[in-house]
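Chemist: Quick one: sequence plus predicted model below, questions after.
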Amino acid sequence: MWDLLTWIDASPMAEEIRISLWLFPTLEIAHVAAIAVVLGSIARVDLRLAGLVSRDRAISEISHEMLPWTWAGFVLATTFGALLFVGQPIRYVEVVFFDAKIMLILLAGLNMLQGDRPLGPRGDATTPSAARRRSLLRVLDQRRHLRPVHRLRLN
Amino acid sequence: MLQALSDWLTQTPLHEVFSDTTRLETWLIIPISQTVHILGVAIVMIAIGMLNLRLLGVRVTRQSFANLSARWMPWIWSAMVVLFITGAVQTIAEPTRELMNYTFRIKIVMLLVAVAITVFYRAQVKKDAKYWERSGERRTLAYALASVSLVLWLGIVAAGRLIAYVGTIDEF
């Protein structure tokens, strides 16, 4: 593992990312913009799963709408993130927040593995129970049973 | 003028608190503010992306532009308030880094133009839901506005990151 990191660190690519004046900022901009897209698209689906927004629209529809955004953003963020990592691999690994971040991404990936399909068949207007169970915000979701829809108008 | 504002901000008690890195609770202010700022950017990026692509005719949703914009506007404005507050915290903490930087100034100008475009195309469909589809000229204008808006918002995100790297105005 350590050998691999040392090898990456010594590679010409790493050298280029370190010394170039524009490469790191450019990669970082692309990385941050892609993260914004991932976060925003996931927030939209999760908030709908929790029953907090767009209750008049089917979860399956919103999920179908957002999945391409999430995947495109994720692929871009990972690609540019990996390139940023190549620049100073040892330094990153030594920072506990970086390690925690990778762990959290892997956990999110596990969550995605059971949810990488759009939730529910297209056009299905109900909340699929599997999707509801999958939602990290399902505690909030219970509130829909307690309050009439018209009294909870957040959107 | 901005130099004067920057100098004044540096003397405020808030600046004292926000830039105090000797205590954990004040040192945490900036990282937390930056994190919340990025969450705000996430909301605006998705909202703006959907709205502009819809206006460009990309089938990102089955909803009409009027419908879509009515849903998303409250989110955009709420996120903008959060972005303004967290951005202000960061500016008060480091007035020179932000105000005395060309990239920051370009970012603010792009922001004002982008917001004006958003307000404008939303205002039209508020009066008439099909406003942007009524004639070829309007459709062309809608395409142009949406394209410029997308480029500006991406530019705003890019400029935000670039402040850390370029644009510092040397003090004399």
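Modeler: On my side now, so go ahead.

Chemist: right, is the helix or strand of chain B with the lowest mean pLDDT up against chain A?
Modeler: Lowest on mean pLDDT, DSSP states H and E among the helices and strands of chain B sits helix B:24-27, with a mean of 89. No: shown here: helix B:24-27 not in contact with chain A (CB under 8 Å from any CB of the partner chain), separated by at least 14.6 Å. C-betas here are computed from N, CA, C, even on glycine.

Chemist: After that helix, which helix or strand is next?
Modeler: With elements assigned by DSSP states H and E, the helix or strand that comes after helix B:24-27 is helix B:29-55.

Chemist: buried set for that following helix?
Modeler: By 16 or more other CB atoms under 10 Å in any protein chain shown, the buried positions in helix B:29-55 come out as B:29-30, B:33, B:37-55.

Chemist: In chain A, which residue sits closest to chain B?
Modeler: Closest approach between chain A and chain B, counting by CB to the nearest CB: residue A:40, at 3.1 Å.

Chemist: Would it be right to say that that residue lies in a helix?
Modeler: Yes: assignment of residue A:40 by DSSP: H, G, I helix; E, B strand; the rest coil places it within a helix.

Chemist: thought it was touching residue B:50?
Modeler: No: Residue A:40 is beyond contact range of residue B:50, at 9.3 Å (criterion: CB atoms under 8 Å).

Chemist: Centroid-nearest residue for chain B?
Modeler: Computing the C-alpha centroid of chain B and ranking residues by CA atoms, centre = their mean puts residue B:111 first, at 5.2 Å.

Chemist: next one: chain A
Modeler: By CA atoms, centre = their mean, chain A has its centre lying nearest to residue A:38, at 4.6 Å.

Chemist: Quick check, pLDDT for the nearest residue to it once chain neighbours are set aside.
Modeler: Closest residue to residue A:38 apart from its sequence neighbours, by CB to CB, 6 or more residues apart in numbering or on different chains: residue A:73 at 3.9 Å. Model confidence at residue A:73, given as pLDDT, is 94.

Chemist: which stretches of chain B form helices?
Modeler: Taking DSSP state H, the helices of chain B run over residues B:2-10, B:13-18, B:24-27, B:29-55, B:65-93, B:95-99, B:102-127, B:136-162.

Chemist: Need these in TSV (columns: distance to residue A:51).
Modeler: Listed next are those as TSV, based on distance: least, CB to CB, whole Å:
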stretch	distance to residue A:51
helix B:2-10	43
helix B:13-18	37
helix B:24-27	36
helix B:29-55	19
helix B:65-93	16
helix B:95-99	39
helix B:102-127	26
helix B:136-162	29
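
Chemist: quick one: residue B:30 and residue A:32, what's the gap?
Modeler: 17 Å (CB to CB, to the nearest Å).

Chemist: My error: substitute residue B:164 in the last question.
Modeler: From residue B:164 to residue A:32 the distance is 11 Å (CB to CB).

Chemist: Kindly report the same for residue A:2.
Modeler: 29 Å.

Chemist: ditto for residue B:92
Modeler: 22 Å.

Chemist: Now chain B against chain A: closest residue?
Modeler: At 3.1 Å from chain A, residue B:46 is the closest residue in chain B, using CB to the nearest CB.

Chemist: and the gap between that residue and residue A:13?
Modeler: 32 Å.

Chemist: One more: residue A:88?
Modeler: Taken as CB to CB, the span from residue A:88 to residue A:13 is 12 Å.

Chemist: ok, now residue B:135?
Modeler: Taking CB to CB as the measure, residue B:135 falls 52 Å from residue A:13.

Chemist: what do you get for residue B:79?
Modeler: Applying CB to CB to residue B:79 and residue A:13 gives a distance of 37 Å.

Chemist: Can you pick out the residue with more neighbours from the two?
Modeler: Higher neighbour count among residue B:79 and residue A:13: residue B:79, with 22 against 12, using other CB atoms under 10 Å in any protein chain shown.

Chemist: correct me, but the more buried one touches residue B:46?
Modeler: No: the pair residue B:79 / residue B:46 is not scored as a contact, 9.8 Å apart, by CB under 8 Å.

Chemist: Contacts (any at all) between chain B and stretch A:94-108?
Modeler: No: judged by CB under 8 Å from any CB, stretch A:94-108 makes no contact with chain B; its nearest approach is 10.0 Å.

Chemist: Enumerate every residue touching the closest residue to residue B:100 other than its chain neighbours.
Modeler: Once flanking residues are discounted, residue B:100 sits nearest to residue B:169: 4.8 Å by CB to CB, 6+ apart. When contacts are counted by CB atoms under 8 Å, 6 or more residues apart in numbering or on different chains, residue B:169 touches B:100-102.
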